[in-house]
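Visitor: No letters, just coordinates:
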């Protein structure tokens, strides 16, 4: 198993996938990792729709301009709005669900690296079309998509800003 820092630095947004399926047990391990993420007020209103059927993957791909690389799997992370209405608050509905989905996605993506998989978080999709293709109920709000598969080729490694540009001590100010 990888050390945490190794997974953090090895994770990349993969945009080209090998034509190789990902088995169900491995995908369930990813969702287990997602469910271990922090969740606002312990709401756990996330719902995970794992799309593995090649025809459905193709249809979702067609209506998702941000998606690339022909992934074998697309995970649709949704929020159960009925659950939020019953147990959450307006703040949970507006911000908590998105935050929970993002944290779950990051856990899942880090576990994927550990398992030799690649992922990419996608927010550019036609929600109405994805909803129709997957027969999602009105009570499910799509928060984001995550492509999953075995990487093909070397991923792009964009440069990161130096610490001096992003870290401020005791307030927003020029670093000395």
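Guide: Alright, I've got the coordinates. For clarity, every value in this text was computed on a predicted model and none was experimentally measured. Numbering: from 1, shown residues only.

Visitor: Please enumerate the strands of this structure.
Guide: For the chain, the strands defined by DSSP state E cover 46-51, 73-80, 118-122, 140-149.

Visitor: Need those strands in CSV (columns: distance to residue 95).
Guide: Where C-beta positions appear, they are placed from N, C-alpha and C, glycine not excepted. Shown next, in CSV, are the strands of the chain (distance: least, CB to CB, whole Å):
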stretch, distance to residue 95
strand 46-51, 14
strand 73-80, 11
strand 118-122, 18
strand 140-149, 11
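
Visitor: ok, and the helix or strand in the chain with the lowest average confidence?
Guide: helix 90-91 (a mean of 76; mean pLDDT, DSSP states H and E).

Visitor: tell me how far that helix is from the chain's mean position?
Guide: Taking CA atoms, centre = their mean, to the nearest Å, the mean C-alpha location of helix 90-91 is offset from the chain mean by 22 Å.

Visitor: In this protein, where is pLDDT below threshold?
Guide: Residue ranges of the chain with pLDDT under 70: 1-2, 174-176.

Visitor: Show me what the least confident helix or strand of the chain packs onto, helices and strands only.
Guide: Taking 3 or more CB pairs under 8 Å, 6 or more residues apart in numbering; DSSP states H and E as contact, there are no helices or strands that helix 90-91 lies on.

Visitor: Mind checking which residue lies nearest the centre of this structure?
Guide: Relative to the mean C-alpha position of the chain, the nearest C-alpha, by CA atoms, centre = their mean, is the one of residue 105, at 3.5 Å.

Visitor: ok, now how distant is that residue from residue 33?
Guide: Remark: distance between residue 105 and residue 33 (CB to CB, to the nearest Å) = 10 Å.

Visitor: same deal with residue 48?
Guide: 11 Å.

Visitor: what's the answer for residue 78, then?
Guide: The gap separating residue 78 from residue 33 is 17 Å, by CB to CB.

Visitor: Of the two, which one has the most company?
Guide: residue 78 (23 against 19; other CB atoms under 10 Å).

Visitor: for that one, which residues make a bridge with it?
Guide: residue 47, residue 142 (DSSP bridges).

Visitor: ok, it touching residue 46?
Guide: Yes. Under the criterion of CB atoms under 8 Å, residue 78 makes contact with residue 46 at 7.2 Å.

Visitor: between the two, what contacts are shared?
Guide: 101, 143 (CB atoms under 8 Å, 6 or more residues apart in numbering).

Visitor: circling back: how about the residue nearest to the centre of the chain, what does it touch?
Guide: Counted by CB under 8 Å, 6+ apart, residue 105 has contacts 34, 77, 121, 144, 146.
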